Every structure is written in C-alpha cells, then in structure tokens.
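[1] Could you look at this predicted model? Sequence included:
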Amino acid sequence: MKKVLIYGILTIAAIAAIIYKLNANKAANAAKTEFVKQSNTGDIPVLTEKATRVDFDQHFAANGNFEPFRELTYLSEAAGRINQLMVDEGSVVKQGQILARIDDEIVGTDLASAKANLQQLKVDKDRYEAAFKTGGVTQKQMDDARLQYDLAVSRYEAASRKVNDTYVKSPISGFINAKYVEKGTYLSAGTKMFDIVDVSRLKLRVTVPELQVINLKLGDKVNVTTNVYPEIQYTGKITFIAAKGDATLSYPVEMEVINIAGKQLKAGMYGTANFEMPEQEPSMLISRNAFVGGVNSNQIYVMEGNVAKLRKVTAGRIYGEKVEIREGLNEGETVIISGQINLTNGAKVAVQAQ
C-alpha cells in the first residue's frame with residue numbers, strides 16, 4: 001500500500017515538472033517568434049538613451065615626489081691635502097661659507113713670487129715710459145716693457161686664483177647631504193667632495209593628461225598636500241610645462257613649493273598637487289557605445305520617430321564610458337547605443353527594454 005502511494009506521488013510530481021517545462025518553452029518560443037516577426041517586418045531591435053547636459057567637477061589631482069629646489073655635487077678645483085674641514089654631513093651652510101681649507105704652501109709661494117715679479121716689472125715699465133718721453137728709449141723698448149708687465153699681471157692673477165681655490169666655499173645655501181672627504185685627504189682637481197641640497201624650497205614634478213594640461217599656465221597657484229602633514233596645505237607655483245608629452249599623452253608639469261617652518265618636507269617625500277580648473281558650461285554626454293565603429297568615426301544613429309537616422313557629430317573629451325558631444329546633437333534627442341551593426345540610414349527600429 002505504501003509503495004503504491006509513493007509511486008503515485010512521484011508520478012504526479014513528474015507530470016507537473018513536464019507541464020512546467022512545456023509552458024516555459026512555449027513562452028520562450030513566443031518571444032523568439034515575436035523577435036523574428038519584428039525583424040521580418042523591418043523593425044530592428046535597438047537600445048537607446050537620451051542626450052543630456054551634465055554639470056560636473058573638473059578639478060583633478062596628480063601625484064609625484066618632492067625634489068630639492070637646487071642640488072649639486074661639489075668638485076675640488078685645486079690639488080692638495082685638506083688641512084681643515086669645517087663641516088660634516090647634515091651641516092647647514094650659507095652661500096660663500098668656507099667648507100674646508102687645502103694646504104696652500106706651494107701655491108702661496110707661487111703667489112709671493114708672482115707678486116714680487118709684478119712689482120719689479122711695474123717699476124721697469126714706469127722707468128721706460130718716463131725715458132721714452134725724453135727720447136732715452138725707443139718705442140719698441142717701451143712696448144716690450146709694457147708687454148712684460150701685462151704678462152706678470154696675468155701670472156699674478158692666476159696665482160691668486162689658485163690660492164683662493166684652497167678656500168673651499170659653498171656655492172649655494174643648503175645643507176651637506178653627503179661628505180666624501182676627511183681631514184688629511186689628498187685631492188686632485190675634480191675630486192668629489194660634497195653633495196649640497198637646498199630644501200628651503202622644493203620642486204614637485206607630476207604628469208598631467210592632455211585634456212587638463214591645456215588649462216594650465218606658468219605661474220598658476222596650486223594647492224599641495226602630503227601624507228606626512230595632512231592638515232597642512234602648501235602653496236605651489238607652476239614653473240614648467242613640457243612642450244611634448246609622453247607615450248600616454250601625459251605632460252610633465254613642475255611646480256615650486258615653499259616649505260613651512262616646523263612642518264618642513266624633505267626631498268623624496270610623496271606629494272599631491274590639487275589643480276583647480278575654471279568653471280565650464282555643462283557638457284552634453286552620450287555613451288561611447290553610440291558611435292558607429294568607434295569614437296573617431298564621429299557618426300551615431302539618432303531616432304526620429306521609429307526610424308534610425310545616421311548623424312555626423314563632433315566628439316570632444318572622453319570621460320570613461322561617456323563622450324562629450326560639441327556639435328551635431330541637441331539635448332533631449334534619442335541616441336541609439338546598441339544594435340547599430342544591423343542598421344542602415346532610414347531603417348525602422350523597435351526600442352527594446354534594457
């Protein structure tokens with residue numbers, strides 16, 4: 001008895017499943033039949049959207065790393081042994097400050113000799129010039145005396161320069177970032193001595209896409225923020241805009257950033273430049289899928305009644321999946337965004353639910 005009951009329930013369930021499947025297939029076939037019917041009558045199924053004007057914020061940010069405003073590697077101009085070293089790594093220096101002294105015994109002797117020779121030749125020159133006035137010497141003898149004096153002046157100036165070069169002076173203000181010599185080190189001309197960096201001001205270098213870089217100009221103010229001092233806004237000024245972009249159509253932009261006492265940034269830190277763009281009129285945007293064969297074709301289909309009309313438009317900037325339309329389309333017109341592959345100009349269409 002129980003077996004009969006179980007078999008009966010299973011039979012009823014199987015029949016119900018068969019009926020449900022048959023009804024589902026019937027509905028699917030009906031939808032396919034309607035689709036084919038519309039296609040056969042010339043009504044091509046499409047998806048559409050309305051062309052609308054959108055007001056959106058065009059401000060943008062770009063990231064980069066801070067660089068020293070000025071930095072240089074100081075090379076020795078004189079040969080000799082260091083007998084005094086006045087700075088160490090991390091020392092703050094001013095422009096013209098003496099950093100080290102090089103032994104000047106030899107060059108000092110040369111300077112003394114050049115000075116004595118110059119003084120003697122000046123006496124000779126003055127004597128010849130006085131004698132020439134009375135006819136005691138010829139023009140050539142006076143000219144030779146003057147020539148020897150001029151050569152002595154050049155030798156004295158060269159010797160003085162060599163003595164001055166033994167006083168190693170900082171060419172810029174900043175701090176000693178690296179020191180490559182010690183007291184007693186023997187230098188040759190061109191020996192690397194110090195790395196000096198100036199971080200009283202910094203440079204921030206970022207890359208800006210082509211659509212934004214056209215709105216920038218030299219001297220523009222930029223708000224700069226950092227992760228290390230998120231509560232502080234630093235002031236930047238654009239000092240360089242590249243005339244040529246890279247392979248991604250982005251352009252290097254460099255700005256000078258003034259450091260703030262007590263919240264000083266260091267070279268190498270991460271920074272964000274926040275660019276304020278001028279306000280613009282709302283833009284008309286449509287889906288980039290609306291273009292026939294891609295945005296560069298500048299062709300779309302617009303619905304007029306239930307007919308698709310091919311329209312030439314002027315595309316502008318691209319914002320993700322949206323494209324700005326500058327000419328050729330009015331606000332509120334219906335644009336076909338799917339099904340264009342089956343369309344020709346003047347074809348009848350049927351809008352499908354998305």
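    That came in fine, so what should we check first?
[2] any idea how far Val295 is from Asn330?
    19 Å (CB to CB, to the nearest Å). In short, each C-beta sits where N, CA and C put it, glycine included.
[3] So if I had to pick from these two, which one is more boxed in?
    Val295 (15 against 9; other CB atoms under 10 Å).
[4] Test my guess that that one contacts Ile325.
    No. Judged on CB atoms under 8 Å, Val295 makes no contact with Ile325 at a distance of 10.5 Å.
[5] Now list whatever residues contact both of the two.
    Shared contacts of Val295 and Ile325 (CB atoms under 8 Å, 6 or more residues apart in numbering): Ala315.
[6] how many other residues sit next to Gln299?
    Residues within reach of Gln299, counting by other CB under 10 Å, total 18.
[7] how close does it get to Ile238?
    From Gln299 to Ile238 the distance is 39 Å (CB to CB).
[8] any low-confidence regions in the stretch 51-200 of the chain?
    Filtered on pLDDT under 70, the stretch 51-200 of the chain yields the residue ranges 56-58.
[9] Can you show me the helices along it?
    Along the stretch 51-200 of the chain, the segments classed as helices by DSSP state H, counting those that start in this stretch run 105-134, 139-165.
[10] Of those, which is nearest Ser91?
    Closest to Ser91 of those, according to CB to CB: helix 139-165, at 21.0 Å.
[11] Buried residues of that closest one, list them for me.
    For helix 139-165, burial by neighbour count (16 or more other CB atoms under 10 Å) applies to Met142, Ala145, Gln148, Tyr149, Ala152, Arg155, Tyr156, Ala159, Lys162, Val163, Asp165.
[12] Which pair of the residues you listed spans the longest distance?
    Met142 and Asp165 (35.4 Å).
[13] downstream neighbour of the strand ranked longest in the chain in the secondary structure list?
    Ordering each strand of the chain by length in residues (DSSP state E) puts strand 192-209 first. Reading on from strand 192-209 to the C-terminus, the next helix or strand found by DSSP states H and E is helix 210-213.
[14] which other residues reach that next one?
    With contact meaning CB under 8 Å, 6+ apart, helix 210-213 is reached by Gln58, Phe60, Ile241, Gly245, Leu249, Ser250, Tyr251, Val253, Phe275, Met277, Arg317.
[15] Can you pull out the low-pLDDT segments for the stretch 201-350 of the chain?
    Within the stretch 201-350 of the chain, the stretches with pLDDT under 70 are 278-280.
[16] what about Arg288, how many neighbours?
    16.
[17] actually Leu329, not the one I typed
    19.
[18] Roughly how far does it sit from Val292?
    14 Å.
[19] cool, and Asn227?
    46 Å.
[20] So these two - more neighbours on which side?
    Val292 (15 against 9).
[21] Wait, the more buried one touches Tyr301, no?
    Yes. In this structure Val292 lies within contact range of Tyr301 using CB under 8 Å: 7.0 Å.
[22] Cool, thanks, talk later.
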